[in-house]
Structures are given as C-alpha cells and as structure tokens.
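> 3D, please:
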Amino acid sequence: MVEHDPLYSDRLEKLLRWREKGIDPFAITKFERSHLAAEIVSGYETLKGQTVRVAGRLTAFREHGKLTFADLVDSSGRIQLLVRLNNVGEDAYRQFGELDTGDIIGAEGTVTKTRTGEVSVEVFKFWILAKALRPIPEKWHGLRDVEVRYRQRYLDLIANPEVRKIFVKRSQIIQAIRRFLDERGFIEVETPILQPVYGGALARPFITHHNALDMDLYLRIAPELYLKRLIVGGFDKVYEIGRNFRNEGVDARHNPEFTMLEAYQAYADYNDIMRLTEELVAYVAQSVLGTTTIVYQGHTIDLTPPWRRVSLMEALKEATGVDFREFRGDDEKARQIGRELGLSVEPTDHWGRVLDEALKKKVVPTLIQPTFLVDYPVEISPLAKRKPDDPTMTERFQGFIGGLEVANAFSELNDPLDQRERFEMQQRLRERGDMEAHPLDWDFVSALEYGMPPTGGLGIGIDRLTMLLTNSPSIREVILFPLLRPEE
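I've put the predicted structure just below:
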C-alpha cells in the first residue's frame, strides 16, 4: 500500500507543503517547447547562444554549491540543464533543489557547452509541470524484473531507452508495409472485429455478448473471409492491418491478441504472393534498418529475394524420417507416429493435426534463413485452392525466418461447392472434438456463389516480423501491453 512507502509519503508531504505555499505542480495546462533535446545536441553549432524552451522528466541531479546540473529526458533523448543561483534567484533555486527525479518540468534558457564539452541549456526560468509521487527506477540498474517491465510498461519505457527504440521501429515497420502496398495499388480497408461466425484460421475464439440484439458474437480470429467478400464485390487489391484474437496459450511466440497484415490480390496465385512476400519483407528491412541483412538471436540472416522454396512433405520427411503420405487418413497410425516422435498428441487428433504438430516441433526451428514451405494437405488448409495436378494438396505456403513463422498464404479457394465440402469436413472434425476446426459460414459460401476471381491471399504477423527486425527473443518484447495474469 502506498501509505506505507516512505518515499511515496515524503513526496506526498512535499506536494502538500508546496500547495500550502500556493504552488500547484499540476496547474499548468500547456507548455510550448521550441526544441527537443536531440535537436539541441545535434544542432549546437546553429543554436549556441540562442534561447530555447525544453520540457521533460528529470532523471538526475548533481549539486556544486550555487550551481546544479540536472538531466532532462524527453522523447528524443537527454539534455543537461545548468541551473545557477545567480540566474534564477534564491527562491527559485531553492525550489529547484526540492525537485525529485521523475518530476516533469519545462525550462527556458540559452544553449551552451560546459568546460567538459557537454551541450547544455543554461536555465533562466523553469516551470513545474507534474510532480512524480513515486520514484522512477534507479538510474544505473534500470528496470530488469521482466514481470514488472511488462505489467508497468510505462516504467520500462522510462528506465530502458532501448525498449522505446523497439516500439519506434515497430511503428516504422507498419508505416513501411503500408507504403509498400499503397505504391502497388492496394487499398487499406477495415472489416468487423465482432463477428457472428468467426473464421479465416484454425483457432479457438473469444466469445462476447451483444445485449441489445441478445446474441453471442466472436472476436475475430482473422479478417480473411470479409476481405475475400470485398474481392467478390469488385476490389482487386485490398489489405488490412489490425488486431486478431485467439483463445490460446501464452508463450514466447504467442499472445492472445496480436497484429496481422492480411492482403488479397485478384487474378494472382500463391507464386505471385510468394514474390510479393519476399519483396515486402526485404523492402521493410531496408526502409527501417538500412539493410536486408539482419542478426536474430545470434544468426546472421539475409532477407534478399529470392527465398528458398521447399515442399512441406519433403521437409517433414527430411526432419523426422517419416513419410506422412504413407498413412494418410489413418488417424490412429498418425497418433502412434506422433508419440514416437515425442510430440504432444491428444486422443482426438487426426492425421492433419499430427502432421501440423510435427511441422511446428521438428521443422520450423531449423528454418533460420528465409524459407517458403509450399504445398500443404487439404486437411489443414480449408480455405486454400487445390493443386491442379494433385487435388489432395493445396496451393499454400508458409514463410519462415529465424525459426519463426512470419507468413501464411494461399491461392484462395474460389469454388463454392468445394468450399462447402471443406466446411462440412471441418464440421465433422469439430464433432469429433477438434475445437480449432473451421466453423461453417454459409454466408461466405453464398458470396463465393456470386463468383470470386482467382485470388492470392497473404497473412503476415506484425509482431513476429518486429521480433526479427529488432532482435527480440519474445513476442512480449514487441507488444506494449501483453496479456498477464492479474496481480493478487
């Protein structure tokens, strides 16, 4: 409780004393800055001797008699303040001495350099803009407790400037994706998050209830089926960047809410989308990092197109020594093989689910350099178009970098009769206990019955792409507020 925290109590008492003297540190509603800290440091030769106005959080003090040095940090970085008794007067100098680390102030002064050559602002006037009642994390050790960092991200951003840089890069990554797609004729759209029938992926949904209509709704697991309705409606190239919600576990690569890019291009197939994917990722890396060569968790990775293309079934056989085609349709045999491979196998798992588990555990961790696994069985690809030369397989690929899945894409299924059969097959899997099987969506089938042109579709996980381009080991490092259990 805060009342038992002596530092909190001391700061609160200071606030109350100030208010008794008529000083309210929260009274000012606006402060106009002339420059950010980094602009003053980088532009010293132009700004020296000029009057500037800065604002930010105080992070350190160093007193030397009638001179106080203080570090002020804003969103751009740090600038040193020089506060002299002779410049501000006795009362103001005493008040400045009562400030604490974490307090937010505005200051006006001239740009100068100290004897040691540090660019500084010599202050003639300052304003208290907000009093910090709680101390910020200790400067030299920062904030290292992972649980506290994620739960109190605001402290993480104050204490660890490198964390702020990750989220600046995340913003730049999204900007670059939009720029890449916009320049190629795609238009950005928005589709429903609340859906009467969820779909577009194999996952469990979150359920909510709409009171006025007295109906259950689902938070979307993917925008796919609505975006393809837009292709039916006559848009040729569409994309959406938005949140998806999947009722699944939390680990280093999964958070129940996450950000996805989905893009659809009419009159294209999965080969076109493969080229689009590798070009997009390379473009984003070049735009944000200035290079297409990255380092991720000790691996040097070259994102330059073209990427390697490998058959999924051959990759599985090479990694496990098992040819899954030999016992296709034999679910009991598949579960037996899965257990022999050390996979987590449930009694209700079918051949396709065991294959997918083998892919995740045995193949994906080995895919460090950019790789497309291509041609997936229809059993785990309910929305992908069949291969003309092998109708048991689909024109689907997934893209992997650094042992992470970053892209999933198909030649989209546009045959309404085949789509109806796939949904019915998925429904049978649901009846056998697979709660991640795709639900029936007759309205989507109806949309296909009006005719959808051949279409290529793509999904890219923004969080995982950000992990790669910022060398972050966990998805929680790139989501500002990841899901955590509430504190007791």
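> got any ranges where this protein has weak pLDDT?
Low-confidence segments of the chain (pLDDT under 70): 1-4, 138-144, 488.
> how does it divide into domains?
What automatic domain parsing lists as the domains of the chain is 2-136, 158-307+369-477.
> turn those into CSV, including distance to Leu343.
Just so you know, the C-beta spots here come from the backbone N, C-alpha and C atoms, and that holds for glycine as well. Conversion of those to CSV gives the following (distance: least, Cβ to Cβ, whole Å):
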stretch, distance to Leu343
domain 2-136, 47
domain 158-307+369-477, 15
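> which of these is buried the deepest?
A comparison of these by mean neighbour count, using mean count of other Cβ atoms under 10 Å, puts domain 158-307+369-477 on top with a mean of 18.
> tell me where the stretch 201-350 of the chain has helices.
224-232, 270-289, 312-320, 331-340 (DSSP state H, counting those that start in this stretch).
> now render those as TSV, adding distance to Glu20.
As requested, these are exported to TSV (distance: least, Cβ to Cβ, whole Å):
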stretch	distance to Glu20
helix 224-232	60
helix 270-289	51
helix 312-320	72
helix 331-340	72
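> which stretch among these comes nearest Ile28?
Distances from Ile28 to each of the helices of the stretch 201-350 of the chain were compared using Cβ to Cβ; the minimum, 36.7 Å, belongs to helix 270-289.
> Thr59 is nearest to which of the helices of the stretch 201-350 of the chain?
Judged by Cβ to Cβ, the one of those that comes nearest to Thr59 is helix 270-289, at 27.9 Å.
> alpha carbons of that closest one, as PDB, please.
Coordinates of each C-alpha in helix 270-289 appear next as PDB, following Å, rounded to 0.1, in the frame of the first residue of the first chain:
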ATOM      1  CA  TYR A 270       0.400 -18.200 -54.500                       C
ATOM      2  CA  ASN A 271       3.500 -17.900 -56.600                       C
ATOM      3  CA  ASP A 272       2.700 -14.200 -57.100                       C
ATOM      4  CA  ILE A 273       2.100 -13.800 -53.400                       C
ATOM      5  CA  MET A 274       5.500 -15.500 -52.600                       C
ATOM      6  CA  ARG A 275       7.200 -12.900 -54.600                       C
ATOM      7  CA  LEU A 276       5.200 -10.200 -53.000                       C
ATOM      8  CA  THR A 277       6.000 -11.500 -49.500                       C
ATOM      9  CA  GLU A 278       9.800 -11.700 -50.000                       C
ATOM     10  CA  GLU A 279       9.900  -8.300 -51.700                       C
ATOM     11  CA  LEU A 280       7.800  -6.700 -48.900                       C
ATOM     12  CA  VAL A 281       9.900  -8.100 -46.100                       C
ATOM     13  CA  ALA A 282      13.200  -7.000 -47.800                       C
ATOM     14  CA  TYR A 283      11.700  -3.600 -48.500                       C
ATOM     15  CA  VAL A 284      10.600  -3.100 -44.900                       C
ATOM     16  CA  ALA A 285      14.100  -4.200 -43.600                       C
ATOM     17  CA  GLN A 286      15.800  -1.800 -46.000                       C
ATOM     18  CA  SER A 287      13.500   1.000 -45.100                       C
ATOM     19  CA  VAL A 288      13.700   0.600 -41.300                       C
ATOM     20  CA  LEU A 289      17.200  -0.800 -40.800                       C
END
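> show me what that helix is in contact with.
Applying Cβ atoms under 8 Å, 6 or more residues apart in numbering, the set of residues contacting helix 270-289 from outside is 169, 172-173, 176-177, 179-181, 184, 263, 265, 291-292, 294, 303-307, 309, 370, 372, 374, 395-397, 399, 401, 406-407, 409-411, 456-458, 460, 465, 469.
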